[in-house]
Structures are given as C-alpha cells and as structure tokens.
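> Sequence plus predicted model, see below.
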Amino acid sequence: MTLHTAVIGAGWAGCAAAVELAAAGRRVTLFEAARTPGGRARQVTVQGLSLDNGQHILLGAYRESLRLMRQVGIDPDTALLRLPLQMRYPPGTGMDFVAAALPAPLHLAIALWRASGLSRADKLALMRFSSAARWMDWRLNTDCSVTELLERFNQTDTLIRLMWRPLCIAALNTPPDRASAQVFLNVLKDSLGARRADSDMLLPRCDLSSLFPNQAAHFVEQHLGQVQTGTRITAINRHDQGWQLASTGAIHHADQIVLATDIGNAATLLAPLTDVTALQALTHEPITTCYLQYPPDRRLPEPFHALIDDPEQQHWGQFVFDRGQLDARHDGLFAVVVSVSTEAIAAGKAALASAIALQLAHAFSRPELTMPIWSQVISEKRATFSCTPGLLRPDSPASLPGLMLAGDYTTIAYPATIESAVRSGVAAARALLARDG
C-alpha cells in the first residue's frame with residue numbers, strides 16, 4: 001500500500017517536500033492555513049498589481065530551487081532575469097562592481113580591477129580576504145561575528161560600507177556585529193567561491209507564488225495528491241503506527257508528516273510531544289519592502305541598485321529594484337528593500353515611505369522621485385530568524401519517528417533564504433523515502 005504523507009505548510013519548504021514526495025510516488029496531502037501557497041515568499045495584490053510580500057534576489061547557486069522549478073514546469077530562463085554578480089550604486093554615490101563573463105575566479109579578478117569607487121588599498125584588501133577565505137576552505141575553527149571576521153582580515157572602512165555590510169544584511173538579514181561569520185562564509189563559498197554562473201543574480205520577473213509554489217501545488221494534484229488551503233492544523237498526535245492531525249472541524253490521518261510551518265507554529269504543534277527549546281530559542285528579524293509607483297516613463301539606470309543606508313539621515317533603503325525592467329506591466333514601479341527594519345518601521349509606514357522617496361531623490365539626484373503617485377509598505381515582522389554566531393539550529397526530533405521538520409531555520413549551513421527552505425524540504429522528503437527503503 002502506498003504510504004500517505006501529510007505536509008503541513010505550503011511555503012517553499014513544504015512545497016519542495018511535497019513535490020519530491022509526489023515525484024517519488026508517495027501519496028501527499030499538502031495543508032496550508034492561508035488561501036494561497038508561498039508562505040513568507042508569496043504573491044500579494046497591491047493597487048491591482050500582482051506583487052510580492054517582499055522583493056527577493058535568487059542566486060545561480062540555488063541549484064535545488066532551480067531544479068524543482070524545472071520539475072514543476074517553470075522555465076527559470078524565462079521566469080528570472082539573470083545578471084552577473086554586481087554591486088552598483090547610483091552614479092557618483094558608491095562603487096560600481098560587475099563580474100566579467102569569464103570563468104571563475106577570473107570573473108571576479110577582472111571585475112575588481114575594473115571597479116570604480118574603490119581605492120588601490122580597498123582592492124588589495126578584498127583580494128587578501130578572498131585568497132584567505134579560499135585557503136581556509138571557507139571555514140572557521142570558532143564562529144564569530146561578521147564584524148570580527150572583517151576586522152581580522154583588515155578590511156577597509158570603504159569595503160565594509162559598500163560591499164561587506166550590504167551583502168551581509170541582504171544574505172543573513174542580521175547586522176554584521178551580530179551575524180554569524182561562518183554562515184556568511186558559507187554563502188560566499190557557494191557564490192563567490194564557486195563557478196561563475198553560481199554567483200549570478202536572478203531577479204524574478206513574475207510574482208513569487210507563480211515562480212514555484214502555485215505550480216508545486218498543481219504538480220501534487222497531478223500526481224494524485226491533495227492540496228487543502230485555508231486549513232490550519234491545530235494539533236498532531238501519534239495514532240496507531242501513524243499520525244492524527246486536527247484542524248477546525250476535521251480529523252485527518254497520515255502515515256508520516258513533514259512539518260514545514262514557521263518557527264512559532266512548529267513549536268506549538270511539537271510542544272506536547274517533544275522538547276522544543278531549540279525552536280523557542282530562535283529570535284526573528286523583520287524585512288520591509290516599500291513599493292513606490294511613479295509615471296510609466298520613470299526608469300533607473302539598471303534593474304537594481306545598492307543604496308547607502310544611513311539611519312541618522314533617515315536613509316533606510318539598502319536596495320532598489322526597477323520593477324518595470326522585470327515586468328512591463330510594472331513600468332514606473334520601484335521596490336525598495338529595508339532589511340533588519342525594526343528601527344525603520346518604528347515611526348509608521350507613511351513616514352517610512354516618505355523617507356525612502358526622499359532617499360531615492362537624493363541618491364539619484366532626481367527631485368521628482370520625492371512625489372510618487374502612490375506607495376505601499378509591506379513589513380514581514382518574522383521574515384527570518386536572527387542568524388547569530390554559534391546558533392544551534394533545530395533538527396527533526398529523533399523521538400518522533402515518521403516526522404521530519406523542514407524550514408529555512410533547520411540544520412542547514414545557509415541563512416534564511418528561499419534556497420535553504422527548498423533544501424530543507426528536499427532533505428526531509430528524502431529522509432522519509434530512504435527510511436521506507
């Protein structure tokens with residue numbers, strides 16, 4: 001008899017697990033409390049436009065994400081705009097660094113030689129850091145903060161301000177002074193330290209739900225599974241040799257479970273069954289995205305730019321995306337990302353949108369950007385976990401055979417990214433399949 005697996009949570013981790021199981025012939029039921037799949041990386045409707053609850057960048061190194069997109073019928077070459085690794089600020093405000101179309105590591109060496117906005121001392125410091133990281137195989141004997149790591153390798157103030165700090169905040173959503181240096185090195189190894197194509201930046205041309213979760217749900221249904229949206233699982237219990245799941249007004253049964261909810265719901269469901277100390281120890285970091293709509297003729301020089309954030313000047317944005325260069329239906333729409341946004345959002349969404357419009361006008365020397373037609377601020381208060389040094393990541397409880405935990409917060413060497421969520425879902429599914437022979 002075909003085993004039945006319940007996947008609780010249709011974020012990217014749950015969708016990845018469900019696709020992997022369904023493709024292997026497992027009967028799957030995918031439960032999702034919301035009406036649409038996607039979790040913390042999903043589609044939202046703003047002013048009649050299909051946007052996202054947060055602007056994302058994927059990397060060429062996201063192999064599992066790209067593999068599963070293809071498996072469910074998404075063509076990454078069409079759905080994503082592929083750009084070489086770059087750190088490009090508005091003209092005259094910072095560095096301009098673009099990887100060359102050459103094999104690694106020449107692509108970065110040539111980019112560094114060509115880069116503007118960096119002194120000779122900056123470039124030598126960056127070369128020393130890259131060489132030392134490769135020599136260490138991107139590993140530390142003892143984890144420390146990113147700030148300590150950069151100080152240890154004598155990185156210049158300019159490099160920290162224009163490259164390392166924004167990369168750390170974008171990748172780990174944790175400030176460098178309390179971000180894990182080892183996890184940061186893991187990210188750099190899989191991007192800067194790998195093939196040239198791995199370092200490419202991939203910008204979604206469609207909304208995030210359409211990029212994978214919607215098609216993943218369809219894939220499950222095509223493979224004789226079920227997708228139950230609007231169904232919140234409120235309790236799980238051992239039942240005979242399998243599991244019993246409770247939702248409002250209904251009881252469900254499964255042989256096995258992949259628990260792929262957010263941290264809080266996972267802890268709530270597991271607390272009556274096992275120790276959840278590791279889950280409860282995780283703290284959260286917010287990410288805020290500010291959408292600003294201008295007339296259709298408004299364009300930025302590039303599809304996205306880095307910005308210099310300066311809280312003292314109320315300059316909160318770290319990256320700005322010209323959505324019109326990704327989707328013609330979004331002409332004139334800019335998305336500005338504010339990672340680690342607790343302080344930025346404190347004065348309210350209207351104040352933040354106004355401050356960001358002023359920041360763009362100042363950065364690009366374009367006064368007209370102070371007056372968008374409309375703005376919308378979306379803040380995910382629990383967007384990621386705080387990725388601190390030596391953090392103990394929760395794993396699937398050994399005391400609960402037949403239950404696997406999946407999510408971007410589980411025992412994976414990555415920070416909370418789409419790829420770490422996908423990898424965790426795939427790993428959970430494969431562990432169940434291997435257990436059954």
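Yep, it's here. Numbering: from 1, shown residues only.
> centre of the chain versus stretch 326-337, how much separation?
Its chain's C-alpha centre and that of stretch 326-337 lie 19 Å apart, by C-alpha atoms, centre = their mean, to the nearest Å.
> ends of stretch 341-351, how far apart?
13 Å (C-alpha to C-alpha, to the nearest Å).
> same deal with stretch 295-303?
Start to finish, the residues bounding stretch 295-303 are 17 Å apart (C-alpha to C-alpha).
> what residues does it touch?
Applying C-beta atoms under 8 Å, 6 or more residues apart in numbering, the contact partners of stretch 295-303 are 81, 83, 88, 90-91, 203, 320-322, 324-326, 331-332, 334, 364, 368-369, 373. Backbone N, C-alpha and C define where each C-beta goes, glycine included.
> Look at Thr2 and give its secondary structure.
Of the three states, Thr2 takes coil under DSSP: H, G, I helix; E, B strand; the rest coil.
> circling back to that earlier point, from the contacts of stretch 295-303, list just the buried residues.
For these, a burial check counting by 16 or more other C-beta atoms under 10 Å picks out 81, 83, 88, 90, 203, 320-322, 324-326, 331-332, 334, 364, 369.
> Tell me the one of those residues nearest Thr410?
Leu203 (26.7 Å; C-beta to C-beta).
> quick one: contacts for the closest residue to the closest one other than its chain neighbours?
Excluding the flanking residues, the one nearest Leu203 by C-beta to C-beta, 6 or more residues apart in numbering is Leu81, at 4.4 Å. Residues near Leu81 by C-beta under 8 Å, 6+ apart: Leu202, Leu203, Pro204, Arg205, Pro303, Gln325, Leu326.
> from the chain's centre, how far out does the helix or strand hosting Leu81 sit?
Using DSSP states H and E, the element containing Leu81 is strand 80-83. In terms of C-alpha atoms, centre = their mean, the centre of strand 80-83 is set 16 Å apart from its chain centre.
> Same question for stretch 34-42.
14 Å.
> give me the number of residues near the residue nearest to Asp262 when sequence neighbours are not counted?
Leaving aside its chain neighbours, Asp262 sits nearest to Arg382 (6.6 Å; criterion: C-beta to C-beta, 6+ apart). Arg382: 15 surrounding residues under other C-beta atoms under 10 Å.
> for Arg382, what are its contacts?
Counting by C-beta under 8 Å, 6+ apart, Arg382 makes contact with Arg40, Asp262, Ile263, Gly264, His284, Pro286.
> wait, isn't the first one in contact with Ala34?
Which is Arg40. No. Counting by C-beta atoms under 8 Å, Arg40 stays clear of Ala34, with 10.6 Å between them.
> Between those two, which is the more surrounded one?
Arg40 (20 against 15).
> ok, that one - contacts?
So Arg40 contacts Gly11, Asn53, Gly54, Asp262, Glu380, Arg382, Ala383 (C-beta under 8 Å, 6+ apart).
> how deep is the fourth one tucked in, by neighbour count?
Using other C-beta under 10 Å as the criterion, Asp262 is surrounded by 19 other residues.
> List the backbone torsions phi and psi for Gly390.
The phi/psi pair for Gly390 (degrees, to the nearest 10) reads phi 70, psi 20.
> Look up how far Ala281 lies from the residue nearest to it when sequence neighbours are not counted.
Of all residues not flanking Gly390 in the chain, Asp143 sits nearest, at 4.8 Å (C-beta to C-beta, 6+ apart). Distance, Asp143 to Ala281, using C-beta to C-beta, to the nearest Å: 16 Å.
> quick one, which of those two is more surrounded?
Legend: neighbour count by other C-beta under 10 Å for Asp143 and Ala281, higher for Asp143 (17 against 14).
> Report the contact partners of the more buried one.
Ser180, Ala181, Gln182, Pro389, Gly390.
> could you dump the longest helix seen in the chain to PDB, C-alpha only?
For the chain, the helix with the greatest residue count under DSSP state H is helix 418-435. Extracted in PDB, the C-alpha atoms of helix 418-435 (Å, rounded to 0.1, in the frame of the first residue of the first chain):
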ATOM      1  CA  ILE A 418      14.500  30.600  -0.400                       C
ATOM      2  CA  GLU A 419      17.200  28.000  -1.200                       C
ATOM      3  CA  SER A 420      17.700  26.900   2.400                       C
ATOM      4  CA  ALA A 421      13.900  26.400   2.700                       C
ATOM      5  CA  VAL A 422      13.900  24.300  -0.500                       C
ATOM      6  CA  ARG A 423      16.900  22.300   0.500                       C
ATOM      7  CA  SER A 424      15.300  21.500   3.900                       C
ATOM      8  CA  GLY A 425      12.100  20.400   2.200                       C
ATOM      9  CA  VAL A 426      14.000  18.100  -0.200                       C
ATOM     10  CA  ALA A 427      16.100  16.700   2.700                       C
ATOM     11  CA  ALA A 428      13.100  16.000   4.800                       C
ATOM     12  CA  ALA A 429      11.300  14.200   1.900                       C
ATOM     13  CA  ARG A 430      14.400  12.100   1.000                       C
ATOM     14  CA  ALA A 431      14.900  11.100   4.600                       C
ATOM     15  CA  LEU A 432      11.400   9.700   4.700                       C
ATOM     16  CA  LEU A 433      11.800   8.000   1.400                       C
ATOM     17  CA  ALA A 434      15.100   6.400   2.500                       C
ATOM     18  CA  ARG A 435      13.600   5.200   5.700                       C
END
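> Could you give me the buried positions within it?
By 16+ other C-beta under 10 Å, the buried positions in helix 418-435 come out as 418-429, 432-433.
> before we move on, what about stretch 335-343?
In stretch 335-343, counting by 16+ other C-beta under 10 Å, buried: Ala335, Val336, Val337, Val338, Ser339, Val340, Ser341.
> okay, the residue nearest to Ser379 when sequence neighbours are not counted: pLDDT?
Distances taken as C-beta to C-beta, 6+ apart put Thr288 closest to Ser379, at 4.2 Å, once the chain neighbours are dropped. Listed pLDDT for Thr288 reads 98.
> what's the answer for the one 10 residues further on, then?
Model confidence at Arg298, expressed as pLDDT, equals 95.
> On the three-state scheme, it is what?
Applying three-state DSSP: Arg298 is coil.
> Tell me where the model's unsure across the stretch 301-437 of the chain.
437 (pLDDT under 70).
> Wait, a strand at Leu167?
No. Assigned with three-state DSSP, Leu167 falls outside any strand and is helix.
> measure the residue in the chain sticking out farthest from the centre to Gly348 for me?
No residue in the chain sits farther from the centre than Asp240, which is 38.3 Å out by C-alpha atoms, centre = their mean. Using C-beta to C-beta, one obtains 53 Å as the distance from Asp240 to Gly348.
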